[in-house]
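Asks: below: sequence and its predicted model.
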Amino acid sequence: MIETSTLTFLKSLALNNNREWFSVHKNDYDLARENVFQFTSAVIAGLSKFDSGIPAELQPKDCVMRIYRDIRFSNDKTPYKTNFGIAISANGKNFKGPGYYIHIQPGSSFVAGGSWFPAAEELKAIRQEIDYNGSDLRTIVDSSSFKSVFGELDREGALKTTPKGYPTDHEYIEWLKLKSFTATCAVPDKDLTRPNAAGTLVSKLERIYPLMLFLRSAIS
């Protein structure tokens with residue numbers, strides 16, 4: 001589970017996002033990071049039981065994202081992220097294709113999965129798969145298992161016009177307009193701090209596994 005102290009650290013960091021404060025509280029950060037590593041290890045173990053694409057030996061250090069922000073090209077010069085991001089794929093946080101994501105941030109935590117803004121060739125392949133086998137995708141996203149947790153596919157970045165090469169009246173035009181193929185579910189803080197929090201999140205992510213298979217098949 002995620003310790004209450006980990007969420008407290010993130011709340012405090014959000015109010016004191018500067019190097020001086022962080023230096024004084026480096027030990028608090030180390031404890032929070034270790035807690036997230038332990039949590040990630042439990043999630044990896046759970047995912048690997050139903051998804052053979054996730055190696056059971058995958059290391060948490062290869063999945064947990066750095067808390068240090070890259071501020072070189074940003075107007076926002078605050079040096080630290082105020083969340084812990086956990087990205088899980090066969091290559092950990094170095095996604096090659098679809099993957100799972102857990103975002104830990106007080107009051108704004110969520111789990112997600114799918115292909116987030118895939119590269120042009122992958123996007124083309126996914127749209128082609130939808131064109132040919134959209135009924136398979138419909139079966140996945142219309143299932144009660146998927147809808148009860150994720151509702152529907154995210155619309156982030158979706159085109160307002162029809163993508164080139166597809167008719168405006170295509171049966172699956174709303175999915176073909178997508179540039180990102182993900183689904184997201186909010187997670188309350190209380191669910192993160194319960195003893196079986198990792199199991200709870202794994203059970204949610206298992207609902208997205210059929211979508212992962214569809215996307216992997218499309219780009220393989």
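Replies: Happy to help now that I have it. Numbers count the residues shown, from 1 in each chain.
Asks: distance of residue 120 from residue 127?
Replies: 11 Å (C-beta to C-beta, to the nearest Å). All C-beta spots, glycine's among them, are computed from the backbone N, C-alpha and C.
Asks: who has more neighbours out of these two?
Replies: For residue 120 versus residue 127, neighbours defined as other C-beta atoms under 10 Å are more numerous around residue 127 (21 against 7).
Asks: host element of the most centrally placed residue in the chain?
Replies: The centroid of the chain falls nearest to residue 101 when counting by C-alpha atoms, centre = their mean (2.2 Å). Using DSSP states H and E, residue 101 falls within strand 99-104.
Asks: so what does the next helix or strand after that strand touch, helix or strand wise?
Replies: Downstream of strand 99-104, the first helix or strand assigned by DSSP H and E is strand 110-115. On a contact count with 3 or more C-beta pairs under 8 Å, 6 or more residues apart in numbering; DSSP states H and E, strand 110-115 meets strand 99-104, strand 181-186, helix 197-206, helix 209-219.
Asks: of the ones you listed, which is nearest residue 131?
Replies: helix 209-219 (10.4 Å; C-beta to C-beta).
Asks: packing partners of that closest one?
Replies: Secondary elements touching helix 209-219 (3+ C-beta pairs under 8 Å, 6+ apart): strand 110-115, helix 120-141, strand 181-186.
Asks: want to throw the ones you listed into a markdown table with mean pLDDT and distance to residue 161?
Replies: Below are the helices and strands packed on helix 209-219 laid out as a markdown table (pLDDT from 0 to 100; distance: least, C-beta to C-beta, whole Å):
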| stretch | mean pLDDT | distance to residue 161 |
| --- | --- | --- |
| strand 110-115 | 97 | 21 |
| helix 120-141 | 96 | 14 |
| strand 181-186 | 98 | 18 |
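Asks: nearest to residue 215, of the ones you listed?
Replies: Of all those, strand 110-115 sits nearest to residue 215, with 5.1 Å by C-beta to C-beta.
Asks: okay, buried residues for that closest one please.
Replies: Using 16 or more other C-beta atoms under 10 Å as the test for burial, strand 110-115 gives 111-115.
Asks: again, but for stretch 213-220
Replies: 214-215, 218-219.
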